[in-house]
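Participant: Could you work out the structure for the sequence below:
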Amino acid sequence: MKKLISLYALIACAQILHPEVCLNPAFDPQNWPGPVPEAIQRSVKPLQLELESAMLQEDADGIDAIISEMEAALGDWVGVPEVKPQYGLPIDSSLPDLNHVEKLWLESYEKLIVKMNSLWSDPKRQEREGDAPRLRISLRLARAFLQSYEAQLENSHSYGEAGKKGMDFLVTQQTSNGAFGYPVYEGGQQRLQLIVAEVLKKGRSLELDMTEKGYLINDLGDGGLNFDHGVVGCGLVYAYWISGDERYLNSAIRAGEWVFSRNDVRTQNFNYNCFSGQLMARLYRATGEVRYLDEARNLFEFGVLPGLMENGRWIDPHNARIQYHSVMLRSMFEYYLALQDAGDCRNANKVKNALVLGLDNLALQITTFGASNVHELLSIDPLVYGLMLLDPKDSWEAAVNININYLVDYFMPKLEKNGFPMTESVGTYLLYRMSKMEDELPLELRLGMFKPDNQ
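Facilitator: Next comes the predicted model:
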């Protein structure tokens, strides 16, 4: 019989499981106070600009002082998600049936191989037709295929070939300045469209200054390009580790040079900084070049970690959302591994403590209210990484189980109805379960992944 936990029982035991963290009552949909009022937004805006300046100057004391001012200005909206949280019920923390999860995964991704192989065979589609998927979507799917190969699932050879085809496609989309950009006119990218509008208003040439291959490759310091760019670069290093193909590492190194070219870009949006930091930390892990670790250190120490509060959540309403909280924790694991590779035990322990704090808060949200961000389940990666790399906690395991069980038992029909595959982060979960059986970490989490000639 499945272990169904009532919402009220979970709330009652939350402080016992997590005595060191406190979940803001606003994470309960019934208590969400709404978006930040405009008057408060106006008072916070100049502080955000000051924060960006302090980040650029690597002024730790100034950053801390501004963060304190922002906390006071936000008042009751400190750490409150900007969008009303949504959850999936019931809450089932029992251990998922691995065979069942794997079966659904294979059924979902076998259907996708032909479709994605066809799309990835046309590298000029975005430039010509403007309807290729976001590059981070291609990366997630290619990574999922490669994870299926690494896990040696049924038909693993086909998954490996499909994953490499996806990574080959991504290499072709890299622009001359090393960037992996955003589709220029993709619907929903309002901020980037506003940037484009500002450029045109000033009489500058959009085609010459801002775009290449159908992608926006300059955000004028906004920081939004860091997202796709960082995750694609990291994925290419993974492709190198799993295949040994130097083309992928060389492409990721070019992506790193693009980050260096933007060392005057720091943004008050902590998650934008984390994507570049994650890429630089992984490049250090792949090459052993200290300059990558130095840049990762700057990005995390001055651009990500200062926003993490004592309760384990980021201060601002945007990054209080579960998906952004999750991706920042995921990126911090990359930094943690890089510091371990460098033998920097003091800073590695500091990051470890921050990770435990953030994971405890993340798990508390899920075990209290249920699975969230189910179409992506970005919380899977950091929770699973915590279970494999840190001292595992029952609450982290329970949160992972709740996510997987809700996805498998209740959400899959909705994904299938809309033509979407099983949530890609399940690939990380499958590797986790298999690593427990084989007592070996997945490739992305192993120490000492330097190139042989740098060892």
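Participant: Please look at N401 and L98 and confirm they touch.
Facilitator: No - applying CB atoms under 8 Å, one finds N401 not in contact with L98, separated by 11.6 Å. For glycine as for every other residue, the C-beta is placed from the backbone atoms N, C-alpha and C.
Participant: the more surrounded of those two?
Facilitator: Set side by side, N401 and L98 show more neighbours around N401, with 22 against 15, by other CB atoms under 10 Å.
Participant: Is the more buried one in a helix, a strand, or coil?
Facilitator: Taken by DSSP: H, G, I helix; E, B strand; the rest coil, the conformation at N401 corresponds to helix.
Participant: now the stretch 351-455 of the chain, which segments are flagged as low pLDDT?
Facilitator: Across the stretch 351-455 of the chain, the ranges flagged by pLDDT under 70 are 451-455.
Participant: just the helices in it please.
Facilitator: 380-389, 394-406, 412-417, 426-438 (DSSP state H, counting those that start in this stretch).
Participant: ok, residues contacting the last one?
Facilitator: By CB atoms under 8 Å, 6 or more residues apart in numbering, the list of residues contacting helix 426-438 from outside reads 98, 101-102, 105, 143-144, 147-148, 150-151, 153, 377, 380-381, 384, 387-388, 400, 404, 407, 441-442.
Participant: For PyMOL, write a command that selects the buried ones of those residues.
Facilitator: Selecting only the buried entries of the contacts of helix 426-438 in PyMOL, with 16 or more other CB atoms under 10 Å as the criterion:
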select buried, resi 101+102+105+143+144+147+148+150+151+153+377+380+381+384+387+388+400+404+407+442
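Participant: Can you give me the buried ones in stretch 414-430?
Facilitator: Buried-residue list, stretch 414-430, by 16+ other CB under 10 Å: 415, 421-430.
Participant: for it, the distance to its chain's centre please.
Facilitator: 16 Å (CA atoms, centre = their mean, to the nearest Å).
Participant: mind listing what S156 touches?
Facilitator: Counting by CB under 8 Å, 6+ apart, S156 has contacts 148-149.
Participant: Confidence-wise, which helix or strand of this protein is lowest on average?
Facilitator: Counting by mean pLDDT, DSSP states H and E, the chain has its least confident helix or strand at helix 7-17, which shows a mean of 38.
Participant: What is the neighbour count of R346?
Facilitator: Neighbours of R346 (other CB under 10 Å): 7.
Participant: same thing with L305?
Facilitator: If we define neighbours as other CB under 10 Å, then L305 has 21 of them.
Participant: Same question for R136.
Facilitator: 19.
Participant: tell me which element it falls in.
Facilitator: Assigning secondary structure by DSSP states H and E places R136 in helix 135-150.
Participant: Show me what that helix packs onto, helices and strands only.
Facilitator: Helices and strands touching helix 135-150, by 3 or more CB pairs under 8 Å, 6 or more residues apart in numbering; DSSP states H and E, are helix 98-120, helix 156-173, helix 226-243, helix 426-438.
Participant: roughly how far out does the longest one sit from the chain middle?
Facilitator: In other words, helix 98-120. On CA atoms, centre = their mean, the centre of helix 98-120 falls 22 Å from the chain's centre.
Participant: Identify all contacting residues around it.
Facilitator: Contacts of helix 98-120 (CB under 8 Å, 6+ apart): 125, 132-133, 138, 141-142, 144-145, 148, 153-155, 158-159, 162, 165-166, 168-169, 404, 408, 412, 415-416, 421-422, 426-427, 429-430, 433.
Participant: If we go by neighbour counts, what in it is buried?
Facilitator: Buried-residue list, helix 98-120, by 16+ other CB under 10 Å: 101-102, 104-106, 108-110, 112-113, 116-117, 119-120.
Participant: what does the second one give?
Facilitator: Of the residues in helix 156-173, those buried under the neighbour-count criterion (16+ other CB under 10 Å) are 158-160, 162-171, 173.
Participant: Compile the buried residues of helix 98-120 into JSON lines and extend it with columns for pLDDT and distance to R42.
Facilitator: Listed next are the buried residues of helix 98-120 as JSON lines, based on pLDDT from 0 to 100; distance: CB to CB, whole Å:
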{"residue": "V101", "pLDDT": "97", "distance to R42": "48"}
{"residue": "E102", "pLDDT": "97", "distance to R42": "51"}
{"residue": "L104", "pLDDT": "96", "distance to R42": "48"}
{"residue": "W105", "pLDDT": "96", "distance to R42": "47"}
{"residue": "L106", "pLDDT": "95", "distance to R42": "52"}
{"residue": "S108", "pLDDT": "93", "distance to R42": "46"}
{"residue": "Y109", "pLDDT": "94", "distance to R42": "47"}
{"residue": "E110", "pLDDT": "91", "distance to R42": "52"}
{"residue": "L112", "pLDDT": "92", "distance to R42": "46"}
{"residue": "I113", "pLDDT": "93", "distance to R42": "50"}
{"residue": "M116", "pLDDT": "93", "distance to R42": "45"}
{"residue": "N117", "pLDDT": "91", "distance to R42": "50"}
{"residue": "L119", "pLDDT": "91", "distance to R42": "44"}
{"residue": "W120", "pLDDT": "95", "distance to R42": "45"}
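Participant: Put together JSON lines for the residues you listed, with distance to A363 on each row.
Facilitator: Shown next, in JSON lines, are those (distance: CB to CB, whole Å):
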{"residue": "V101", "distance to A363": "20"}
{"residue": "E102", "distance to A363": "24"}
{"residue": "L104", "distance to A363": "24"}
{"residue": "W105", "distance to A363": "23"}
{"residue": "L106", "distance to A363": "28"}
{"residue": "S108", "distance to A363": "26"}
{"residue": "Y109", "distance to A363": "28"}
{"residue": "E110", "distance to A363": "32"}
{"residue": "L112", "distance to A363": "30"}
{"residue": "I113", "distance to A363": "34"}
{"residue": "M116", "distance to A363": "33"}
{"residue": "N117", "distance to A363": "38"}
{"residue": "L119", "distance to A363": "36"}
{"residue": "W120", "distance to A363": "36"}
